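Chemist: Based on what follows, work out the 3D shape:
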Amino acid sequence: MGSDLGAKRCKIEFSQRYQNIVDILRSLPIGLYLEKPATWLHQIDPRIKLLGLLTFLLSPIQANDLWRIAIAVLLILLTFASGIPMRVWKQQMGILLLLAFMTFAIAIISPDGFNVTIQPRRPIPEIAKTQVQSSSPTLTVNLPQPTPYRYVIWKAGNITITRKSLDLGIRVCTLIFTYLYAPTLFLLVTAPEEITAAIAAICSPLKFFRVPVVEIVLTLTLALRFVPLVLEEVQNLGRAMRTRSINWKRLGFKRTTQIWLILTERLIDNLFIRAEQTASAMQVRGFTGPNTHLLVWNPLKFLPRDIILLVLLVSMWGVRIWIGNTI
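Modeler: Predicted structure coming up:
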């Protein structure tokens, strides 16, 4: 009787954990494209969006803390102003912000690495005080701090926050949020075909150097289309394991590891089968190579709003060079 109750409890726990994992996978639009509703970000030329993504990813390099914080805040404001439904980005942004704040909290209270004890050349009382000779007895005057600079910002017991630890915390948390959220937002509002068309248009001068731009773009298109299939196969295997109601506690570590290895092998086999089906479909339609068939991508055309955004991106780089460099 007790073993049956334990098995049922194990089944319920596994079902709840699997459901939580599936909910997270569904709520995080990793590599997925939001077709509807079509926002103003969807209507921007993909070349401008690609340049904007590169701006968000490259401008924080060797930048000061103010610029890194401004980039992260700009991403959040851009999401709010885009009109994308909250259900699409709410959970993912919340998880990334929580991860960033946890990293920031750990970094600022961690030792900053300056463990060298500095021994002054003169006694401390002589540095802090000076004697004034006058007709009256000798007076001792405290010298004020010449600048408001303080290396130790806050200290309470064993917890010390210094300027270096604060700078490290801001740098790490902003880079984590920017480098994870900016590509996701870009993939959310840009179709895979638009991405490949933008890359093909930007890299077209490389054809003169015999770089296989068309092959690279086609491979990238198929890879972007393959990401949702990978998530689908993972969900199918998870449902199959859920229906079998495996008692993981009775299996032990060795047999559990064997099952996970079998699942991994099955996942890889299914992905190879999907890839073979895709190749067969292309061959049936007469596609033998990108050089022998005309690949028609989405037509790209600059509109007035795209030119305005391009000017804003150039201005953004000007501001970055002017006030965004590290001091």
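
Chemist: Low-confidence bits of the protein, can you list those?
Modeler: Within the chain, the stretches with pLDDT under 70 are 1-31, 113-145, 288-298, 326-327.

Chemist: those strands in it, which residues are they?
Modeler: 129-132, 139-142, 152-156, 159-162 (DSSP state E).

Chemist: list the buried ones in the third one?
Modeler: To tie it back to what came earlier, the one meant is strand 152-156. For strand 152-156, the buried set under the neighbour-count rule, 16 or more other C-beta atoms under 10 Å, is empty. C-beta: built from backbone N, CA, C; applies to glycine.

Chemist: List the neighbouring strands of it plus their orientation.
Modeler: strand 159-162 (antiparallel) (DSSP bridges).

Chemist: what's next to the strand it pairs with, contact-wise?
Modeler: Strand 159-162 has contacts (C-beta atoms under 8 Å, 6 or more residues apart in numbering) with 108, 109, 112, 114, 151, 152, 153, 154, 155.

Chemist: now it: how far from the chain's centre is it?
Modeler: Centre-to-centre, strand 159-162 and its host chain are 28 Å apart (C-alpha atoms, centre = their mean, to the nearest Å).

Chemist: buried stuff in it?
Modeler: Quick answer for strand 159-162 (16+ other C-beta under 10 Å): 160, 161, 162.

Chemist: Domains in this protein, by residue range?
Modeler: Domain ranges of the chain: 1-25+192-297, 31-113+163-190+301-327, per automatic domain parsing.

Chemist: who wins for proximity to residue 146 among those?
Modeler: domain 31-113+163-190+301-327 (17.5 Å; C-beta to C-beta).

Chemist: how about the buried residues of strand 159-162 in TSV, adding distance to residue 264?
Modeler: TSV is the format used below for these (distance: C-beta to C-beta, whole Å):
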residue	distance to residue 264
160	45
161	44
162	45
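
Chemist: Just want to check the distance between the most centrally placed residue in the chain and residue 174.
Modeler: Residue closest to the average C-alpha location in the chain (C-alpha atoms, centre = their mean): residue 180, at 0.8 Å. The gap separating residue 180 from residue 174 is 11 Å, by C-beta to C-beta, to the nearest Å.

Chemist: now the helices: where do they sit in the stretch 1-150 of the chain?
Modeler: Per DSSP state H, counting those that start in this stretch, the stretch 1-150 of the chain carries helices over the ranges 2-27, 46-58, 65-82, 86-109, 124-128.

Chemist: What helices and strands are in contact with the second one?
Modeler: Pointing back at helix 46-58 there. Helices and strands touching helix 46-58, by 3 or more C-beta pairs under 8 Å, 6 or more residues apart in numbering; DSSP states H and E, are helix 163-189, helix 192-202, helix 304-323.

Chemist: Give me the buried positions along the first one.
Modeler: Right, helix 163-189. 165-178, 181-182, 184-189.

Chemist: circling back to that earlier point, could you dump the helices and strands packed on helix 46-58 to a markdown table with distance to residue 213?
Modeler: Below are the helices and strands packed on helix 46-58 laid out as a markdown table (distance: least, C-beta to C-beta, whole Å):
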| stretch | distance to residue 213 |
| --- | --- |
| helix 163-189 | 21 |
| helix 192-202 | 6 |
| helix 304-323 | 22 |
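
Chemist: out of these, which comes closest to residue 235?
Modeler: Going by C-beta to C-beta, the one of the helices and strands packed on helix 46-58 nearest residue 235 is helix 163-189, 19.3 Å.

Chemist: Taking helix 65-82 as reference, get the angle to that closest one.
Modeler: Put simply, helix 163-189 runs at 30 degrees to helix 65-82, going by axes from the mean of the first three to the mean of the last three C-alpha atoms, to 10 degrees.

Chemist: Next, the angle helix 192-202 makes with helix 163-189.
Modeler: Calculated by the same axes, to 10 degrees, helix 163-189 forms an angle of 110 degrees with helix 192-202.

Chemist: other SSEs contacting helix 163-189?
Modeler: helix 46-58, helix 65-82, helix 86-109.

Chemist: Residues contacting the shortest one, please?
Modeler: Right, helix 46-58. Contacts for helix 46-58 (C-beta under 8 Å, 6+ apart): 41, 71, 75, 178-179, 182-183, 186, 189-190, 194-195, 197-199, 201-202, 298, 300, 306, 309-310, 313, 316-317.

Chemist: Before I go, just wanted to say thanks for your time.
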